[in-house]
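Enquirer: Provide a 3D model corresponding to the input given below.
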Amino acid sequence: LDGTFGPATADIDSATTTVGSTKGSGSITISQLPTGSQSELTINGIDFVAVTSASLFDNSSTERYVTIGSSIDEFGGNLRDAINAAESLTTVTASYGPDTDLLSLTASSAGTAGNVSIATSSVATDDGEGGTKVHNHVYNSGSTLITALTGGTDTSTSGTSFQLKTLADGSIMNNASTTV
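Expert: Numbering: from 1, shown residues only. The predicted structure follows:
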């Protein structure tokens, strides 16, 4: 026998594991006080409807009612509270900054599954100068309409669970046949 011989080995790979790395997020400026139920915000298929008094309506698994109140800050706080109360349905939490009128939305958990859809009663149109103008009754996200939380990412990992090694040496140990 010529050459060096050693034990044969086989690596047994583990299954690929995917976990959420970062949470999706987005923000909307509440630009004016709603005047009625035409001002709607939809998060992950759940409608948040602005009304004069939410206590007059029954919330459901698809619609939540938010009291408008007497100021943008009162409405912003009410909307934040309604979104947080429906977290199990929307998978989103909210915070509201009264100094900025900014409603910040964050996915409840990390990963691309947290990049949920967002829709508003706002409409985007051509501004006549090659850009976009947002016609907005209440919700504003800058020059474009927010359509989803963004930034949620996943990380996938895999590796070798264990390695099989023969006890004997030689090329005969490199058998890949299914028959013996």
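Enquirer: Tell me what Val66 is bridged to.
Expert: In this entry, Val66 is beta-bridged to Ala50, by DSSP bridges.
Enquirer: how close does it sit to Glu40?
Expert: 10 Å (CB to CB, to the nearest Å). To be clear about C-beta, it is placed using only N, CA and C from the backbone, and glycine gets the same treatment.
Enquirer: so what's in contact with those two at the same time?
Expert: Listed contacts common to Val66 and Glu40 are Phe48, Val49, Ala50; contacts here mean CB atoms under 8 Å, 6 or more residues apart in numbering.
Enquirer: picking up where we left off before, Val66 and Glu40: which has the busier surroundings?
Expert: Just comparing Val66 and Glu40: by other CB atoms under 10 Å the higher neighbour count belongs to Val66, 26 against 18.
Enquirer: dump the residue contacts of the more buried one.
Expert: With contacts defined as CB under 8 Å, 6+ apart, the neighbours of Val66 are Phe48, Val49, Ala50, Val51, Ala54, Phe75, Asn78, Leu79, Ala82.
Enquirer: Where does Gly36 fall, secondary structure wise?
Expert: Applying DSSP states H and E as the criterion places Gly36 outside every helix and strand.
Enquirer: Quick check: it touching Val49?
Expert: No. Judged on CB atoms under 8 Å, Gly36 makes no contact with Val49 at a distance of 9.3 Å.
Enquirer: So for these two, which sits in the more crowded spot?
Expert: Val49 (21 against 11).
Enquirer: distance of the more buried one from Asn59?
Expert: In this view, Val49 and Asn59 are 10 Å apart by CB to CB.
Enquirer: Then Ile83?
Expert: In this structure, Ile83 and Asn59 are separated by 12 Å, where distance is defined by CB to CB.
Enquirer: now swap in Asp99 and tell me
Expert: Noted for Asp99: a distance of 29 Å to Asn59, by CB to CB.
Enquirer: Look at these two and report which has more neighbours.
Expert: Just comparing Asp99 and Asn59: by other CB under 10 Å the higher neighbour count belongs to Asn59, 17 against 6.
Enquirer: any idea how far Ile28 lies from Leu164?
Expert: For Ile28 relative to Leu164 (CB to CB), the value is 56 Å.
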